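Trainee: Below are the sequence and a predicted model for it; my questions follow.
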Amino acid sequence: MRNRNVLPVTYTVPPSIFFSVPHSMWSFFSSNRSRELIGQCILPAQARAEKTIETRQLQSLADAYRVLVQRGMITTADGTNLDTIQITPNSTFSSSVAEKHYIIKFNGNGMLYQDVLANCARDADQLQATVIAFNYRGVGSSSGIPKSIEDLVNDGIAQVQRLLDHGVDAKKITLDGLSLGGAVATLVAKHFHDQKQRVYLWNDRSLSSISKAATGLFLLSDLPPMLQDTSAALTHSSFSLALKSSKWEVNVADAYQRIPQAYKGYMVVAKKSDPSDTNKLQSNGDGVIHPTASLHAAVKVKEKSDHASTCHKMLAQHSIFVGGQTKQLGGHNLARDQLISKDNPTETGQHVFENFIRNHR
């Protein structure tokens, strides 16, 4: 039986690890060691043990989804080796490289591609596209250590450039990023659009900037509301300066807005509903990225004024029973087929994603 509920893994960083610091310490954040340490907070997947994939597991995956699975290393421009897997539908294997469609997956900050292999194989089968997934530098068996957001962007650029170098039309490539991966994929897409290479972008449950996402953790914490707001207000400028000094800050919203409407789409989980408002479809909210820190919050006004919406709003309605109580699950870490389209409740997030791919070929 196909597993359609393999959950992506995205870890949050507790607000308590961040503190406002004197201005004299900003130079500290620009050191290589500090940049590595901040990178470990932003990309905690670096601390995870590598997941071994046995040959029989890959063969089982290939048989279940009628795909060919290939694994190897892709080398970036700066010599970093990225553990990469490529999943090709059997029906398109004999087609030339230039004839195939490609989806490149960009992981969330706590993920290994090994976490979502079944989902990747399903996408390859259902969409008849070659799916490429990889681990960022410093994650799993990929070499190197990320010292800036640009390092992660360069990892993504290497994956796209490999296809272009083999003659693939940019319009046959879709970048599919979740959470932090959505931010990285957006920056990679902008890089290629600046070169007139029109790749497609699917940004899933992502952020507008890393400093806003970090600040938003206070607003999602168990602190009293007044302390949440005060802590967020006091720390945002500190986060921003520290991240800029360490080269980890990024304006995802600006990059997203510079990509033409016809080549992009994004998914966001509707903010948490008021349970007493029975006239509205209920949503548990995202649970990881605060609404004020989402990509949606940063681009919705301009898209509305331009009559150029690329938003797909989803509802998270799952809950679990723990310790005698029902706990609502935020939508950030749910699989796409566990999210419901707000515009059409008969469709899941997976349907919305698949429709985007089919409509942009």
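Mentor: Good, I have the coordinates.
Trainee: switch to C-alpha atoms for all contacts and neighbour counts from now on
Mentor: OK.
Trainee: residue ranges of the strands in the stretch 201-350 of the chain, please?
Mentor: 264-269, 311-316, 319-322, 325-328, 339-341 (DSSP state E, counting those that start in this stretch).
Trainee: in the stretch 1-150 of the chain, which segments are predicted with low confidence?
Mentor: Within the stretch 1-150 of the chain, the segments meeting pLDDT under 70 span 1-29.
Trainee: D155 touches R137, doesn't it?
Mentor: Yes. Counting by C-alpha atoms under 8 Å, R137 is a contact partner of D155 at 7.2 Å.
Trainee: still on that earlier bit, need the strands of the stretch 201-350 of the chain in CSV with mean pLDDT and distance to K51, can you?
Mentor: Output for the strands of the stretch 201-350 of the chain, formatted as CSV (pLDDT from 0 to 100; distance: least, C-alpha to C-alpha, whole Å):
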stretch, mean pLDDT, distance to K51
strand 264-269, 99, 29
strand 311-316, 98, 29
strand 319-322, 87, 27
strand 325-328, 87, 30
strand 339-341, 98, 27
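Trainee: circling back to that earlier point, pull up the overlap in contacts between D155 and R137.
Mentor: L82 (C-alpha atoms under 8 Å, 6 or more residues apart in numbering).
Trainee: Tell me which of those two has more neighbours.
Mentor: A direct count of neighbours by other C-alpha atoms under 10 Å for D155 and R137 places D155 higher, at 26 against 23.
Trainee: And that one, how close does it get to I259?
Mentor: 20 Å (C-alpha to C-alpha, to the nearest Å).
Trainee: do L43 as well
Mentor: Taken as C-alpha to C-alpha, the span from L43 to I259 is 25 Å.
Trainee: Distance from the chain centre to stretch 79-90, please.
Mentor: 18 Å (C-alpha atoms, centre = their mean, to the nearest Å).
Trainee: Other residues contacting that stretch?
Mentor: With C-alpha under 8 Å, 6+ apart, stretch 79-90 has contacts from 66-76, 120-121, 124-125, 128-137, 140-144, 155.
Trainee: And the protein, what are its domain boundaries?
Mentor: Domain assignment for the chain by automatic domain parsing gives 36-211+251-359, 212-249.
Trainee: Let me know the pLDDT of Q338.
Mentor: If you check Q338, the pLDDT there is 97.
Trainee: can you count the residues close to the closest residue to it other than its chain neighbours?
Mentor: Computed as C-alpha to C-alpha, 6 or more residues apart in numbering, the closest residue to Q338 that is not its neighbour in sequence is T348, at 6.7 Å. Counted by other C-alpha under 10 Å, the residues lying close to T348 total 20.
Trainee: Could you do H166 as well?
Mentor: If you count neighbours by other C-alpha under 10 Å, H166 ends up with 10.
Trainee: quick one, what contacts it?
Mentor: 97-98.
Trainee: Mean neighbour count added to the strands of the stretch 201-350 of the chain, as TSV?
Mentor: Formatted as TSV, these follow (neighbours: other C-alpha atoms under 10 Å):
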stretch	mean neighbour count
strand 264-269	24
strand 311-316	24
strand 319-322	10
strand 325-328	12
strand 339-341	24
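Trainee: which residues of the stretch 1-150 of the chain fall in strands?
Mentor: Remark: strands assigned in the stretch 1-150 of the chain by DSSP E, counting those that start in this stretch are 67-75, 81-89, 102-106, 130-134.
Trainee: Relative to S30, which of the domains of the chain is closest?
Mentor: domain 212-249 (4.6 Å; C-alpha to C-alpha).
Trainee: quick one on the thing from earlier: can you say which of the strands of the stretch 1-150 of the chain is nearest to S245?
Mentor: Per C-alpha to C-alpha, nearest to S245 of the strands of the stretch 1-150 of the chain: strand 102-106, 24.9 Å.
Trainee: how far away is V299 from L207?
Mentor: Separation of V299 from L207 (C-alpha to C-alpha) stands at 11 Å.
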